[in-house]
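Enquirer: What follows is a protein structure lacking sequence information:
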């Protein structure tokens with residue numbers, strides 16, 4: 001992975017979205033397309049995990065800012081189940097809860113207050129693609145600019161998708177095998 005990656009995404013609903021990920025520096029910035037600016041920053045003295053684009057899943061080592069307002073960022077530890085790779089944002093300014101949770105080996109669903117907004121794909125290289133829901137079904141919601149900005153930031157900072165539990169368990173067992 002390159003240390004600094006700058007990508008531009010033509011979003012079908014929100015226009016041009018700019019993503020800049022600095023893996024070595026521990027920063028991520030999402031802006032443009034009428035979206036609020038989202039920044040994720042890793043503490044400078046953090047031990048860097050190379051498998052995580054932002055460098056850590058430790059919530060105490062991360063700061064999330066949306067248009068300058070600090071929000072609560074809670075990435076799960078990421079171990080055996082797909083759900084263990086979820087990332088949650090609690091927005092006090094919007095009184096909403098966002099969750100990015102893997103739903104296949106390559107993609108993750110973005111939820112706002114338990115309603116699906118869309119499916120995101122990112123291999124952890126700072127590039128993100130999104131298929132937004134239109135909000136016509138009961139289990140879906142139409143995405144707003146704030147939702148999109150948070151979704152892009154989480155997907156770029158953590159990647160999307162995860163192996164199924166049985167695959168992860170098998171890998172863990174084979175690593176222990178002599």
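Expert: Received the coordinates, thanks. No experiment lies behind these values; they were computed from the predicted model shown.
Enquirer: Run through the residues that contact the spatially most central residue of the chain.
Expert: Centroid-nearest residue in the chain, with C-alpha atoms, centre = their mean: residue 154, separated by 1.9 Å. Contact partners of residue 154, counting by C-beta atoms under 8 Å, 6 or more residues apart in numbering, are 87, 89, 98, 100, 110, 120. From N, CA and C alone the C-beta is placed, and that goes for glycine too.
Enquirer: so the second one is in which element?
Expert: If I follow you right, that is residue 89. Residue 89 belongs to strand 87-91 when assigned by DSSP states H and E.
Enquirer: That strand pairs with which strands, parallel or anti?
Expert: strand 69-75 (antiparallel), strand 96-102 (antiparallel) (DSSP bridges).
Enquirer: Could you pull out the buried residues of it?
Expert: Within strand 87-91, the residues scored as buried using 16 or more other C-beta atoms under 10 Å are 87, 88, 89, 91.
Enquirer: how close does the last one sit to residue 98?
Expert: Here residue 91 is placed at a distance of 7 Å from residue 98 (C-beta to C-beta, to the nearest Å).
Enquirer: Which residues are in contact with each of the two?
Expert: With C-beta under 8 Å, 6+ apart as the test, residue 91 and residue 98 both reach residue 150.
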